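Participant: got a structure for you, letters missing:
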Ligand SMILES: [Cu+2]
């Protein structure tokens, strides 16, 4: 009986820890950019909510956090033809930290995140924003 109780407690603890993880949708995002990458390959936000993002650039050059419109992705390189496909973007100078807000898209799904600074997308600087209903 004791063993079962311990097992139940452990299961509960695991569930609690899992749900408190960084992977669930949140209206508060913390993003750190370094030269040519984001600190996560996936950020998750609730649909239609106002999101507060604290974004830090620890790199030596300017970086951007560009969210593409639903279903639209960048081709081989980020160019002028992609400008119309931007949902929202922020630019951060090297060494700078900004706190910005934006409204999450109303439709659930995956949105491509890229850096629009020339050559950075090609260098692999991209991520994903999951919008959850
Ligand atoms: Cu960049």
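Facilitator: Looks like it arrived, so ask away. Keep in mind the model is a prediction, meaning the values are calculated, not measured.
Participant: and residue 67, how many neighbours?
Facilitator: For residue 67, the neighbour count with other CB atoms under 10 Å is 23. Glycine gets a C-beta too; all of them are placed from N, C-alpha and C.
Participant: Now name the helix or strand holding it.
Facilitator: strand 63-68 (DSSP states H and E).
Participant: Is that strand in proximity to the ion?
Facilitator: Yes - judged by CB under 5 Å from the ion, strand 63-68 comes into contact with the ion through residue 63.
Participant: thought residue 39 was touching residue 54?
Facilitator: No - Residue 39 is beyond contact range of residue 54, at 11.7 Å (criterion: CB atoms under 8 Å).
Participant: Overlap of the contact sets of the two?
Facilitator: Residues touching both residue 39 and residue 54 by CB atoms under 8 Å, 6 or more residues apart in numbering: residue 31.
Participant: show me where this structure has helices.
Facilitator: Here the chain has its helices, by DSSP state H, at 2-19.
Participant: If the spatially most central residue of it is in a bridge, with which residues?
Facilitator: Nearest to the mean C-alpha position of the chain, counting by CA atoms, centre = their mean, stands residue 43 at 3.1 Å. Beta-bridge pairing of residue 43 under DSSP bridges involves residue 129.
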